[in-house]
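Colleague: The sequence isn't on hand, but the structure is:
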């Protein structure tokens, strides 16, 4: 795809702004990415970053509770927010007539969110229902993103459960909310992204109008979450009372994309060569030929998308297998295929497959205005370059066989985490 | 721009943060909501809608935002034989695993080299094959599709392996609360009608032989009555020609098989389904509705939105935003070939399930008795109109929408004219629809949860059959 036209500027209060006009459909996307995720939440307050995301929808100085939703929806739009390890995003996608309205809504809650005890208690209940729905009452809930990190990482920011413990969520107070907002939700700690059907002049003017007088506040120095790579294989068993089949997850540490982007991207290609599509090495061998597993997948990041976090980040393999297959048989096959790739590298047609599939999946992602807006915003926030989101297919196409082989050499059994989930009722 | 400093700085526990109350106000005070600007209409894209000699309907649309093409094939695929669902499921899982010319890895490789993907799923109504590729790879995408449609071989070893995987996937699906609830609702609504057979039993899958799947393919994977939609950076005429050429060998004497009509739904007691140890329950209610072609549909669509069809609805504002009983509550239509139903769902902690069911019923009654005010109708109307734009702004969204509409006998014209139909709806019409279709007595349904915890309260509120 032709790289979208990008315009950027920074307001006096420090808010970074990315504009990406695209006149092909009469819709607009608006997102705000704040530079705080669940890795930054305080000890004793697990789940707080996500809870706070909910509270940002509960009203602001100009908007009563429920007004945000009604204004977006009565403009014909949709909205959502999500909490990631290193950022929290909020977005609206609407018919283009509602652009200024979306800017107003985001600016109002950046300036003066109205956080009350009543809404805090209500949203703690809602978040607990979300956790019951997604984790406690369902097979493989939280697998692997909640249960694998504590096996691979030691420090609280990297290892803890980002959904949070009920007891800690219940202790959240208004003062916690105020401190969190004042520390992390400063305009200088955020990126505003506007995409879709508008002119740059018109959008820039409205951005200034609505965000210009959000008061500047100090932005926190960015913490490093770095910790040493594991020096041995670490294994843990997670008990899931609903799991009908055994499952397993393997986590490896990835190179830091900020200092060695090429090495990180070699891992993206490696995961695709090994595991994407029926013709990939692990799918052919482990699902169809031997067969050892029912399903297997591999990818950079804990949530299925590469470059969605700063260092440290995780290369994740997950598999479901029959109770008749021992975990070590699956690991042995995985190790053999990684060693084979390290020794011989990928074949040219394997790299060509990966390059073409990535190009098309990025085109599709960018054709959906929600995902385009969020990709530009998170790339700008995390990596300082919104362009990265559109350059990715070319960068991946340029990864060489030697780089993939070198990446494979770093995926060692003595420096990884293995999480196993036995089938409920005792079958291993 | 001026950047004023915070109005006050107070000390909370020794650190200098404002209080929540201070954060929520500024010297200037609340500001007015900006008005909406001028809305540009979506341009009508060039398109061709035609029926090939084989009886296959093909729709091709030019939407060149990215250099991709989206493909959706819908084949009506109903059946009444005992093992139909199991055979159909195995067929969907193996139709793309090999032909006379290509083995499984070759199919995947040929697609991958043009950035392509194809996958097949089946439900009680139809077999759906969907995919995409770089627009320059349309010929390859069509060639692989045609190869599977005309020459899928269902090798014994592929069928055997996919049956094993299916048995394991069925075990996983059968342990998911949403699947358990759906199955229970379908049985409660429709007994053993083939419409309820959304997932075969593992035991039925083991009885499927490769020859059964090959026979089903010959008899039921047919072009007459089926639909192909292509949307993307394509020239519609050229794309139709390419599809006609690629699919020249796809023939069949019979027409694709549609589902027998469903019995009309009537109201009745809610069935409590016991799931021991569940910490959360699934509430699933349903009533009869009307199809999109009914002139009353736009008014019913708005009534449904006001009830529970979007976030700013009475049900969500009550049981989520006021009471915190649920993460999400929804109400939506399910369209079948001849009719439609409305479905209401919410998942709630065991301790508040009965209260949530009570509020859900209360809101049903209230929708008819205290009908949506003009302001509620206007919010819902704008949402319905705007979501037509946002949901069809991408190639994939437009392609899926057109495939869904075409299956209901509707085309792009319906999409273009629907805003005018919505605009004409009056609050009185919405009130009429609310009273008729959202009456609590019109609904039936199920609750899945831990009966030990739920039975006492559910018995007390009544209208629930306990296990």
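Modeller: Great, that's in hand. Given the structure is predicted, the values throughout are model-derived calculations rather than measurements.
Colleague: Give me every residue in the stretch 351-467 of chain B lying close to chain A.
Modeller: Listed as neighbours of chain A in the stretch 351-467 of chain B under the rule CB under 8 Å from any CB of the partner chain: B:378-379, B:382-387, B:389-390, B:393-397. The way it works is simple: take the backbone N, C-alpha and C, and place the C-beta from them, glycine included.
Colleague: Now restrict those residues to buried residues only.
Modeller: Judged by neighbour count, with 16 or more other CB atoms under 10 Å in any protein chain shown as the criterion, the buried members of these are B:379, B:382-387, B:389-390, B:393-397.
Colleague: before we move on, back to that, show me which of the residues of the stretch 351-467 of chain B next to chain A is closest to residue B:341.
Modeller: residue B:384 (18.9 Å; CB to CB).
Colleague: Quickly find the element holding that closest one.
Modeller: According to DSSP states H and E, residue B:384 maps onto helix B:374-391.
Colleague: So which residues make contact with that helix?
Modeller: Contact partners of helix B:374-391, identified using CB atoms under 8 Å, 6 or more residues apart in numbering or on different chains, comprise A:25-27, A:70, A:73-78, A:93-95, A:98, A:369, B:42, B:301-302, B:305-306, B:309-310, B:312, B:372, B:397, B:401, B:415, B:418-419, B:422-423, B:425, B:427, B:430.
Colleague: Dihedrals phi and psi, whichever residue of the stretch 101-250 of chain A sits closest to chain B?
Modeller: Scanning the stretch 101-250 of chain A for proximity to chain B using CB to the nearest CB identifies residue A:125 as nearest, at 2.8 Å. Listed backbone geometry of residue A:125 is phi -60, psi -40, with angles given as degrees, to the nearest 10.
Colleague: in terms of contact, does it touch residue B:324 like I think?
Modeller: Yes: when contacts are counted by CB atoms under 8 Å, residue A:125 is listed as touching residue B:324 (2.8 Å).
Colleague: if I pick residue A:249, what's in contact with it?
Modeller: Taking CB under 8 Å, 6+ apart, one finds A:143, A:144, A:147, A:148, A:316, A:317, A:318, A:319, A:418, A:419, A:421 in contact with residue A:249.
Colleague: among the contacts of helix B:374-391, which ones are buried?
Modeller: A:25-27, A:70, A:73-78, A:93-95, A:98, A:369, B:42, B:301-302, B:305-306, B:309-310, B:312, B:372, B:397, B:401, B:415, B:418-419, B:422, B:425, B:427, B:430.
Colleague: now, which of those lie within helices?
Modeller: With helices identified by DSSP state H, the entries of the buried ones among the contacts of helix B:374-391 that belong to them are A:70, A:73-74, A:369, B:301-302, B:397, B:401, B:415, B:418-419, B:422, B:427, B:430.
Colleague: Low-confidence ranges, chain B, go.
Modeller: B:1-15 (pLDDT under 70).
Colleague: Can you give me the distance of the residue of it found nearest chain A to residue B:345?
Modeller: Nearest residue of chain B to chain A (CB to the nearest CB) works out as residue B:386 at 1.2 Å. Per CB to CB, to the nearest Å, residue B:386 is found 24 Å from residue B:345.
Colleague: do the same with residue A:68
Modeller: The span separating residue A:68 from residue B:345 equals 24 Å under the rule CB to CB.
Colleague: related to what we said a few turns ago, ok now the helix holding residue B:384, how far from the chain's centre?
Modeller: Counting by CA atoms, centre = their mean, to the nearest Å, helix B:374-391 is centred 19 Å from the centre of its parent chain.
Colleague: The buried ones among the residues of the stretch 351-467 of chain B next to chain A: which two are farthest apart?
Modeller: Farthest apart among those by CB to CB are B:379 and B:395. That separation is 29.5 Å.
Colleague: for the residue most central in space within chain B, helix, strand, or coil?
Modeller: A centroid search over chain B (CA atoms, centre = their mean) returns residue B:334, at 7.8 Å, as the residue closest to the centre. The three-state label for residue B:334, taken from DSSP: H, G, I helix; E, B strand; the rest coil, comes out as strand.
Colleague: Same check on the one 10 residues further on?
Modeller: Three states are possible here, and by three-state DSSP the one that applies to residue B:344 is strand.
Colleague: for the helix or strand hosting residue B:359, packing partners?
Modeller: Using DSSP H and E, the secondary-structure element containing residue B:359 is helix B:353-369. Secondary structure elements in contact with helix B:353-369, counted by 3 or more CB pairs under 8 Å, 6 or more residues apart in numbering or on different chains; DSSP states H and E, are strand B:280-289, helix B:314-316, strand B:340-349, helix B:427-437, strand B:444-449, helix B:451-461.
Colleague: Which residues does that helix contact?
Modeller: Defining contact as CB under 8 Å, 6+ apart, one finds that helix B:353-369 is touched by B:270, B:281, B:283, B:285, B:303, B:306-308, B:314-315, B:318-319, B:323, B:325-326, B:329, B:344, B:346, B:348, B:431, B:434-436, B:438-440, B:443, B:447, B:449, B:454, B:457-458, B:460-461, B:463-464.
Colleague: For residue B:424, which residues are in contact?
Modeller: Residues touching residue B:424, when contacts are defined by CB under 8 Å, 6+ apart, comprise residue B:298.
Colleague: Try it again at 10 Å.
Modeller: Applying CB atoms under 10 Å, 6 or more residues apart in numbering or on different chains to residue B:424 gives the contacts B:298, B:299, B:381.
Colleague: ditto for residue B:83
Modeller: With contacts defined as CB under 10 Å, 6+ apart, the neighbours of residue B:83 are B:90, B:200, B:204, B:205, B:207, B:208, B:209, B:212, B:216.
Colleague: Which ones among these map onto helices?
Modeller: Here DSSP H is the test, and the contacts of residue B:83 give B:90, B:204, B:205, B:212, B:216 as lying in helices.
Colleague: Look up phi and psi at residue A:201.
Modeller: When read as degrees, to the nearest 10, the backbone of residue A:201 gives phi -60, psi -50.
Colleague: about what we covered before: going by distance to residue A:342, which of the residues of the stretch 351-467 of chain B next to chain A wins?
Modeller: Scanning these for proximity to residue A:342, where the rule is CB to CB, the winner is residue B:396, at 37.1 Å.
Colleague: give me the number of residues near residue B:262?
Modeller: Neighbour count of residue B:262, defined by other CB atoms under 10 Å in any protein chain shown: 19.
Colleague: make that residue A:155, sorry
Modeller: Neighbour tally, residue A:155, other CB under 10 Å: 13.
Colleague: per-residue confidence for it?
Modeller: Note on residue A:155: pLDDT of 97.
Colleague: ok, now which ones touch it?
Modeller: So, once contact is read as CB under 10 Å, 6+ apart, residue A:155 ends up touching A:39, A:225, A:226, A:227, A:228, A:312.
Colleague: helix, strand or coil for residue 195?
Modeller: All of this is about chain A. Taken by three-state DSSP, the conformation at residue A:195 corresponds to strand.
Colleague: my bad, chain B
Modeller: When states are read from three-state DSSP, the local structure at residue B:195 comes out as helix.
Colleague: Pull the number of nearby residues for residue B:363.
Modeller: Residue crowding around residue B:363 was assessed by other CB under 10 Å; the count is 25.
Colleague: again with residue A:346
Modeller: For residue A:346, the tally of surrounding residues (other CB under 10 Å) stands at 25.
Colleague: measure it to residue A:412 for me?
Modeller: In this structure, residue A:346 lies at 19 Å from residue A:412, with CB to CB as the measure.
Colleague: again with residue A:138
Modeller: 34 Å.
Colleague: Please say which of the two ends up with more neighbours.
Modeller: Each of residue A:138 and residue A:412 has its neighbours counted (other CB under 10 Å); residue A:138 has more, 20 against 16.
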